[in-house]
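# predicted coordinates and the sequence they were generated for:
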Amino acid sequence: MQDTNLVNELREVNLSYLLLAQRMLRDDFSKGMYRLGLGREVAELLMDLSTSQVLSLASSNSLICGFRLNDIALLGALTKDGMNGTLKQVQASMMLAQQEPDRVMQEASR
C-alpha cells in the first residue's frame, strides 16, 4: 500500500512539473528555459508535447524532473544566515545561471 501511494505521488509531481514547465515556456520561452535549467532543444520538446504525451510521460514511476540543489555552494548560499531575502535570491540566481542545462533531460530527448 505504501509503495502504491509513493508511485501515485511521484506521478502527481511529474504531471505538475510537466504542466508547469509547459506554461512557463509558453508564457516566456527564454525565462522559462532559465528558471527550469533547460537547454533549447529540451525546452522546445517539452513545450510541444501533446496532452497524451504529457500524461504518458507523467505516468512514470520515477521522478522525471531534476532538482538543482545538488550543488553544495548553492545550497549553502540559500541557507546562509545574515543575508536578507533579496540578497539570497540574487546570489542563488547568479549561481543557477552558471549551471549548465540539465544534461539528463537533453540526452533523454534524443
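Noted; the coordinates are in hand. Residues are numbered from 1 along each chain as shown.

# show me what counts as buried in the longest helix seen in the chain.
When the chain is parsed with DSSP state H, its longest helix is helix 2-27. For helix 2-27, burial by neighbour count (16 or more other Cβ atoms under 10 Å) applies to 10-11, 14-15, 17-18, 21-22, 24-25. From N, CA and C alone the C-beta is placed, and that goes for glycine too.

# same question, stretch 23-43
Across stretch 23-43, burial judged by 16+ other Cβ under 10 Å covers 24-25, 32-34, 36-39, 42-43.

# among those, which pair sits farthest apart?
Spatially, the most separated pair among the buried residues of stretch 23-43 is 24 and 39, at 14.8 Å (Cβ to Cβ).

# can you give me the helices in the protein?
Here the chain has its helices, by DSSP H, at 2-27, 29-36, 40-47, 51-58, 72-79, 85-98, 103-108.

# any idea which of those helices scores lowest on pLDDT?
Among the helices of the chain, helix 103-108 carries the lowest mean pLDDT, a mean of 44.
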